[in-house]
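Trainee: Coordinates for the following, if possible.
(chains A and B)
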Protein chains: 2
Amino acid sequence: MLEVEAKFRADLSEVRGRLLKLGAVLLEKKTEIDVYYQHPCRDFAETDEALRVRYVDGAAEVTYKGPRLAASAKTRLELSASAEGEVDSILTALGFNKVASIKKTREYYSYRSFTISLDRVEGLGDFVEIEAVASSPDVVKSIEDEIAELAERLGLRERVESTYLELFLQRAR
Amino acid sequence: MLEVEAKFRADLSEVRGRLLKLGAVLLEKKTEIDVYYQHPCRDFAETDEALRVRYVDGAAEVTYKGPRLAASAKTRLELSASAEGEVDSILTALGFNKVASIKKTREYYSYRSFTISLDRVEGLGDFVEIEAVASSPDVVKSIEDEIAELAERLGLRERVESTYLELFLQRAR
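Mentor: Here you go, the predicted model:
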């Protein structure tokens, strides 16, 4: 399964209104805190990897993201484990250093085959993500077109290619 | 809380008989698989650390053991997290290499303030561990004496100072 997604800077209240008018359904609202770590002896920025611990309602999810598998594709290996206990202390003891802690409130909406997320990211601003799943690489292009069309209807114009982690690190510099 | 413990090579059926005659109670029997990892850029043998994933009935427990805090004491920092998911794959992707996988069947008995474990360790043999908890460093010596006395009554004479990991690595050499 391939995820196809696009992210935009946006005025959330405006987009929320247009979404509801289209008939989109609010799925859930939650606060996620993503803590990113640097490897003790590898430069993740260079190797295009990431280690993230996501906290939602006290539960922790540890995710390793491998390098992108092809230059153009967003496809990458993702490995996850749910964890409970002294996760951060173990990582710190092993030499992993926190590089970023990104807190965001997300409202997830469902519309047709899309998931739309209205994100308020602390210190970075407001964003909308549109996401859909491609069953095979052949349909990625047509899904990208559908996403562009939906973005147009939602009045989303300011596309952002950077990840939240990249935006966070750019701001910190 | 400090754990005081002693380990002996033993004939398990003989010790089991003596334990039951003393009135010890079988608490549980379980199979534990301990997988130890080497750090990608630190020599754990040198730093006196360990990273272990213990699998019991499908559940995984990740434990980091810090260096012993004093030369004589067995006291060390232990950090743990229960985990579910792709734990081994994440560790491997981060450069942690498996150095040992130790499978043991343990029978836990309770007798007075002691926990006695009858361990059948694959490839290493049979062992008995006696363990008690010291509420403060002052009582460690007297607990050690009580353990020695119980060991005597159980016919345990061949004391083993090495950890199972050390025994495993010695055998592998």
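
Trainee: From here on, just use CA atoms for contacts and neighbour counts.
Mentor: Fine.

Trainee: Grab the longest helix from chain A for me.
Mentor: helix A:140-153 (DSSP state H).

Trainee: For residue A:30, give its distance to chain B.
Mentor: Here residue A:30 is placed at a distance of 22 Å from chain B (CA to the nearest CA, to the nearest Å).

Trainee: Surely residue A:90 is in a strand?
Mentor: No. Counting by DSSP: H, G, I helix; E, B strand; the rest coil, residue A:90 is not part of a strand but helix.

Trainee: okay, it: pLDDT?
Mentor: Residue A:90 is assigned a predicted lDDT (pLDDT) of 97.

Trainee: interface residues of chain A facing chain B?
Mentor: A:39-41, A:63-64, A:66, A:79-87, A:89-90, A:93-94 (CA under 8 Å from any CA of the partner chain).

Trainee: Now restrict those residues to buried residues only.
Mentor: Among the residues of chain A next to chain B, those buried by neighbour count (16 or more other CA atoms under 10 Å in any protein chain shown) are A:39-40, A:63-64, A:66, A:79-87, A:90, A:93-94.

Trainee: who does the helix or strand encompassing residue A:100 pair up with?
Mentor: In this assignment (DSSP states H and E), residue A:100 forms part of strand A:97-111. Its sheet considered, strand A:97-111 pairs with strand A:25-38 (antiparallel), strand A:114-121 (antiparallel) by DSSP bridges.

Trainee: so which of the ones you listed is the most packed in?
Mentor: strand A:114-121 (a mean of 22; mean count of other CA atoms under 10 Å in any protein chain shown).

Trainee: Just the C-alpha atoms of that strand, please, in CSV.
Mentor: Extracted C-alpha coordinates of strand A:114-121, given in CSV (Å, rounded to 0.1, in the frame of the first residue of the first chain):
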residue,chain,number,x,y,z
PHE,A,114,-9.7,10.9,1.2
THR,A,115,-8.6,11.5,4.7
ILE,A,116,-8.2,15.2,5.4
SER,A,117,-6.4,16.4,8.5
LEU,A,118,-6.6,19.9,9.9
ASP,A,119,-3.4,20.4,11.8
ARG,A,120,-2.5,23.1,14.3
VAL,A,121,1.2,22.6,14.9
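
Trainee: Mind putting the strands paired with strand A:97-111 into CSV with mean pLDDT?
Mentor: Output for the strands paired with strand A:97-111, formatted as CSV (pLDDT from 0 to 100):
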stretch, mean pLDDT
strand A:25-38, 96
strand A:114-121, 97
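
Trainee: for those strands, which one sits closest to residue A:56?
Mentor: Nearest to residue A:56, of all the strands paired with strand A:97-111, is strand A:25-38, at 5.1 Å by CA to CA.
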